[in-house]
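S.K.: generate coordinates for the sequence data below:
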Amino acid sequence: MLFVCGLAAGTGTTGTLYGPQETPPSYGGAPAVSAPYTWVCDAFYRVESGGQRLETDNGTIQVAFEQPTVRGFEDQTQAIAGAKAHIRNQLARLGIDREPDFYVDTPEEAGHI
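M.R.: Coordinates of the predicted model:
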C-alpha cells in the first residue's frame, strides 16, 4: 500500500494505491477493478453554496464531494502517474492551477499526511 499525496495552495488530497497482494476497500456502487494496482481517492469540486468550507492560499472556498474514484492499473509506474493526474484534476476543479508537491509513501513513512 502506498499513499499518494498532492499539496498545493495550502491544501491537498491523498489517495491510496493498493498493490497486487492487497485488497482495496469495497463499498456500495464501487466499480469492480481486476487490475493488479487499484487507486482509490476522493473526488470533489467547487460549489457556490453548500458543501464544506476549505481554506486555501486563494481564500475560503466551498467544496462538495462525489463518490470516491476507483481505477485499476497494470503496473505501479502507470498507477502512480494515474494517481498524480487524478490529484492534479481534483485541485484544478477547485481552481488551483499550481503543480502540486507530490509525496509517495508507505503508511509508515507518511508523516506529512
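S.K.: from here on, contacts and neighbour counts on C-alpha atoms
M.R.: Fine.
S.K.: can you give the contact residues for stretch 52-70?
M.R.: 9-11, 30-31, 33, 38-51, 94 (C-alpha atoms under 8 Å, 6 or more residues apart in numbering).
S.K.: from those, which land in strands?
M.R.: T11, T38, W39, V40, C41, D42, A43, F44, Y45, R46, V47 (DSSP state E).
S.K.: what's the most distant pair in those residues?
M.R.: Using C-alpha to C-alpha, the ones in strands among the contacts of stretch 52-70 span at most 28.5 Å, a distance reached by T38 and V47.
S.K.: so between these two, which is more surrounded?
M.R.: Higher neighbour count among T38 and V47: T38, with 26 against 16, using other C-alpha atoms under 10 Å.
S.K.: who's in contact with the more buried one?
M.R.: T38 neighbours (C-alpha under 8 Å, 6+ apart): L17, Y18, G19, P24, V70, R71, G72, F73, A79.
S.K.: neighbours around the closest residue to A9 other than its chain neighbours, how many?
M.R.: In space, and not counting its chain neighbours, A9 is closest to D57: 4.9 Å by C-alpha to C-alpha, 6 or more residues apart in numbering. By other C-alpha under 10 Å, the residues close to D57 number 10.
S.K.: against A83, how distant is D57?
M.R.: 23 Å (C-alpha to C-alpha, to the nearest Å).
S.K.: and for A110?
M.R.: 16 Å.
S.K.: look at the two and report which has more neighbours.
M.R.: A83 (26 against 14).
S.K.: sec struct for that one, please.
M.R.: With DSSP: H, G, I helix; E, B strand; the rest coil as the basis, the three-state label of A83 is helix.
S.K.: could I get the buried residue list for the top strand by length along the chain?
M.R.: Determined from DSSP E, the single longest strand within the chain is strand 59-73. By neighbour count on 16 or more other C-alpha atoms under 10 Å, the buried set for strand 59-73 is I61, Q62, V63, P68, V70, R71, G72, F73.
S.K.: distance between that strand and the chain's centre?
M.R.: The chain centroid and the centroid of strand 59-73 are separated by 7 Å under C-alpha atoms, centre = their mean, to the nearest Å.
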